[in-house]
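[1] Fold the stuff below for me.
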Amino acid sequence: MNIGEYTFEEFKKKAKEFHGYPAPGLLIGGYMVEAAKARIPEGTLFEALVESGKCLPDAVQLLTLCSTGNNWMKVKLLGRYAVSLYDKFTGEGVRVAVDQERLKDWPEIRAWFLKEKPKAEQDTDKLFAEIEEAGESILSIRSVVVDKKYLGHGHMTSIDICPVCGEAYPGSDGSICRGCQGEDPYVSIEGAVCLDDAPPLRPVPVQEAVGKRASHDMTGIVPGESKGPVTKAGDVLGVGDVCRLQRIGKFHVYTGDELPGDEWVHENEAVKAFAARMAGEGITYDPDPSEGKINFFASRPGMLSIDRAALERFNLSPDVMLATRHDGSLMPEGKGVAGTRAVPLYISRDKFSRALTALGEGPVLEVLPLRAAKVGILVTGTEVFKGLIEDKFAPIISSKVIKLGCEVTATDVVPDDREAITGSVTAMIDKGCDLIVTTAGMSVDPDDVTRSALLDAGLTDDQFGVPMLPGTMTLVGSIRSAQVIGVPACALFYKTTSFDVILPRLLAGRKITRRELASLGEGGFCMTCKTCSFPKCPFGK
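    So this is what the prediction gives:
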């Protein structure tokens, strides 16, 4: 039985030339592709979706214009021997697969396809004969509509330069290329230092090192009591150091007699360079590393702000690390916020340069001061306005903003009326309020008009809905020069909501984007503990 315009023997020859061997899967694949082609309307501009990476993609490339290179063939590794040809605009097409029920009549094909017989025991001539005779009779053919995400060409939105390896890559892959994210298949590349390379240092027995300088810190540990350097890099070792080092299990040391060349950077020099690039405003650190490590501290009270992309790039670089507190955490002055180190005693100059480049221009860490906002609190609700229920919102919001150093400049209670809400917000801004906190009226009830009234007042840059519980129906935006945050009714019943996570960011001058709000979904589920320990709990982190 022919395969399209080719006789079976002609296609076997083409398969051998293209594939290196006339593989049974490629021959069956030829029948599959031709069966699909015969069932789509003539003149259709079609693309291919292949569900296996073995042989079948080659059949598509031999018999159609579709290939992975022109992106007209998508390979979705589902492990199923099936191919679909479909209209590139509508997704309507034909899917062809090997039908297991129909294989029962073809024992050699079945034994090969299901690997029931070792390859050495297969009768190749008989297998090829069955494939030719069976043709498309062993196939199941069905109409399909392909998902929209597989239609057309996936154009790259940007081409970036990887800050770690310096090569171009699709920006959609992340902040650094996939190779530098750990998917690189190479053990070594000419001109680059291998991950496990280290300078040739000769260990010296401690008793022979008296009078020489130690090239590294040596740590002593007393379980449950202390951990710290017994001897630091650069110290001249004395007779008394011999016993002290031997007591902590150090019988050999590296000295400064055989320092490696300029292609290597000592851990202390490396970490000092990293720290200088990482630290921004509101961050301080001791420039003298301890055990190859530098810790960072808040030099003023405020909110910790982290360049997460730079943090990820740096930690994806080999032989270095940076660990931090959570982005958005409130920091008192003097509190530790992060720590960095070069992992080995000596890091290659190549890795050092790559890690430094991964940090970008910096800084990675900042402590942003919280401004003392002039707050206007607007309580909405006809039931509160008429005195049917007591207002509890204003005291709750007041206590939270005052705790962060703000001043409550104006307070108002208005009914669920768009004009009244709009007028009150406008009056507060005219009085100098630069942060408006509105309460309630944020859900889907027909009487909830707060958001509509804020839009009437000129609300812009608004983001409504935060992936956190409690506090999903939160609104963030701005009206003229004032920041606006809408707080849902859940703030009356829960001590901590999304308001407590977003408020410091607003006061720190952070522009709240949809992406940042989306990131709050991880850790955004409150455990409603009987005793709330926020902000020491995972909520909002």
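[2] show me what contacts the residue most central in space within the chain?
    Compute the mean C-alpha point of the chain, and by C-alpha atoms, centre = their mean the closest residue is residue 174, 7.4 Å away. The contact partners of residue 174, by C-beta atoms under 8 Å, 6 or more residues apart in numbering, come to 181, 312. Placement of C-beta: from N, CA and C, glycine included.
[3] Offset the numbering so it begins at 57, please.
    Yes, from this point I'll number from 57; that puts the last item at residue 230.
[4] roughly how far apart are it and residue 585?
    Counting by C-beta to C-beta, to the nearest Å, the gap from residue 230 to residue 585 is 35 Å.
[5] and what of residue 400?
    For residue 400, the distance to residue 585 equals 42 Å [C-beta to C-beta].
[6] Okay, the nearest residue to residue 100 once chain neighbours are set aside and residue 104: tell me how far apart.
    Leaving aside its sequence neighbours, residue 100 sits nearest to residue 143 (C-beta to C-beta, 6 or more residues apart in numbering; 5.3 Å). The gap separating residue 143 from residue 104 is 12 Å, by C-beta to C-beta.
[7] Look at those two and report which has more neighbours.
    Between residue 143 and residue 104, counting by other C-beta atoms under 10 Å, residue 104 is the more crowded of the two (27 against 17).
[8] helix, strand or coil for the more buried one?
    Judged by DSSP: H, G, I helix; E, B strand; the rest coil, the three-state class of residue 104 is strand.
[9] Was I right to think it contacts residue 121?
    No - counting by C-beta atoms under 8 Å, residue 104 stays clear of residue 121, with 9.6 Å between them.
[10] Report the set of residues contacting both of the two.
    residue 128.
[11] so how many other residues sit close to residue 295?
    The burial count for residue 295: 9, using other C-beta under 10 Å.
[12] nearest residue to it other than its sequence neighbours?
    Nearest to residue 295 is residue 266, by C-beta to C-beta, 6+ apart, at 5.7 Å.
[13] Now that neighbour: phi and psi?
    Residue 266 adopts backbone torsions of phi -60, psi 130, taken as degrees, to the nearest 10.
[14] Now do the contacts for it.
    293, 294, 295, 297, 298.
[15] Can you tell me, leaving aside adjacent residues, what's nearest to the second one?
    Which is residue 294. In space, and not counting its chain neighbours, residue 294 is closest to residue 266: 6.5 Å by C-beta to C-beta, 6+ apart.
[16] ok, that neighbour to residue 276 distance?
    Note on residue 266: its distance to residue 276, by C-beta to C-beta, is 19 Å.
[17] And residue 412, by the same measure?
    Distance from residue 412 to residue 276, by C-beta to C-beta: 32 Å.
[18] Between those two, which is the more surrounded one?
    Using other C-beta under 10 Å, the more surrounded residue of residue 412 and residue 276 is residue 412, with 20 against 16.
[19] Can you give me the pLDDT of that one?
    According to the prediction, residue 412 has pLDDT 87.
[20] Spell out which helix or strand contains it, please.
    If you go by DSSP states H and E, residue 412 is part of helix 405-414.
[21] for the helix or strand just after that helix, packing partners?
    The helix or strand immediately downstream of helix 405-414 is strand 421-424, counting by DSSP H and E. Here strand 421-424 touches strand 339-341, strand 358-362, strand 392-398, going by 3 or more C-beta pairs under 8 Å, 6 or more residues apart in numbering; DSSP states H and E.
[22] could you dump these to TSV with mean neighbour count?
    Below are the helices and strands packed on strand 421-424 laid out as TSV (neighbours: other C-beta atoms under 10 Å):
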stretch	mean neighbour count
strand 339-341	20
strand 358-362	23
strand 392-398	22
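[23] closest one to residue 321 among those?
    Ranking those by proximity to residue 321 (C-beta to C-beta) places strand 392-398 first, at 7.5 Å.
[24] Can I get the closest one as PDB, trimmed to CA atoms?
    C-alpha atoms of strand 392-398 as PDB (Å, rounded to 0.1, in the frame of the first residue of the first chain):
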ATOM      1  CA  GLY A 392      19.000  41.600  60.600                       C
ATOM      2  CA  VAL A 393      17.500  41.400  57.100                       C
ATOM      3  CA  ALA A 394      19.800  39.200  55.000                       C
ATOM      4  CA  GLY A 395      23.100  37.300  54.700                       C
ATOM      5  CA  THR A 396      25.300  36.500  51.700                       C
ATOM      6  CA  ARG A 397      28.400  34.400  51.100                       C
ATOM      7  CA  ALA A 398      30.700  32.800  48.500                       C
END
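[25] Run through who's touching that strand.
    Under the contact criterion C-beta under 8 Å, 6+ apart, strand 392-398 has outside partners 321, 323, 326-327, 330-331, 334, 339, 345, 347-354, 360, 375-381, 385, 387, 408, 421, 423.
[26] Just want the angle from it to strand 358-362.
    Angle between the axes of strand 392-398 and strand 358-362 is 30 degrees (criterion: axes from the mean of the first three to the mean of the last three C-alpha atoms, to 10 degrees).
[27] average pLDDT across strand 392-398?
    96.
[28] And stretch 466-484, by the same measure?
    Mean pLDDT, stretch 466-484: 95.
[29] first to last residue in that stretch, what's the distance?
    7 Å (C-alpha to C-alpha, to the nearest Å).
[30] Show the model's pLDDT score for the residue nearest to residue 295.
    For residue 266, pLDDT reads 79.
[31] can you check residue 183 too?
    So residue 183 comes in at 95 (pLDDT).
[32] count of neighbours near it?
    With other C-beta under 10 Å as criterion, residue 183 counts 20.
[33] what's the spacing between the nearest residue to it once chain neighbours are set aside and residue 84?
    Excluding the flanking residues, the one nearest residue 183 by C-beta to C-beta, 6+ apart is residue 164, at 4.5 Å. When distance is defined by C-beta to C-beta, residue 164 is 12 Å away from residue 84.
[34] more crowded one of these two?
    residue 84 (25 against 21).
[35] So that one belongs to a helix, correct?
    Yes - Residue 84 sits within a helix when classified using three-state DSSP.
[36] quick one on the thing from earlier: need the contact partners of whichever strand or helix holds the residue nearest to residue 183.
    Assigned by DSSP H and E, residue 164 belongs to helix 163-169. Applying C-beta under 8 Å, 6+ apart, the external contacts of helix 163-169 come out as 80, 84, 137, 154, 159-160, 172-173, 178-179, 182-183, 186-187, 190, 194.
[37] Could you list which of those residues belong to helices?
    80, 84, 182, 183, 186, 187, 190 (DSSP state H).
[38] Compare residue 400 and residue 585 and say which one has the larger neighbour count.
    Per other C-beta under 10 Å, whichever of residue 400 and residue 585 has more neighbours is residue 400, with 20 against 12.
[39] Next up, the contacts around the residue nearest to that one when sequence neighbours are not counted.
    Excluding the flanking residues, the one nearest residue 400 by C-beta to C-beta, 6+ apart is residue 375, at 5.7 Å. Going by C-beta under 8 Å, 6+ apart, residue 375 touches 251, 398, 399, 400, 403, 404, 407, 411.
[40] how about 6 Å then?
    Contact analysis of residue 375 by C-beta atoms under 6 Å, 6 or more residues apart in numbering lists 399, 400, 403, 407.
[41] and which of those is nearest residue 133?
    For the contacts of residue 375, the nearest to residue 133 is residue 407 (33.4 Å; C-beta to C-beta).
[42] helix or strand for residue 465, which one?
    Short version, using DSSP H and E: residue 465 is in strand 463-470.
[43] following that strand, which helix or strand comes up?
    helix 474-486.
[44] Return the distance of that next one from the chain's centre.
    Distance, stretch centre to chain centre, for helix 474-486: 41 Å (C-alpha atoms, centre = their mean, to the nearest Å).
[45] Identify each buried residue in it, please.
    474, 476, 477, 478, 479, 480, 481, 484, 485 (16 or more other C-beta atoms under 10 Å).
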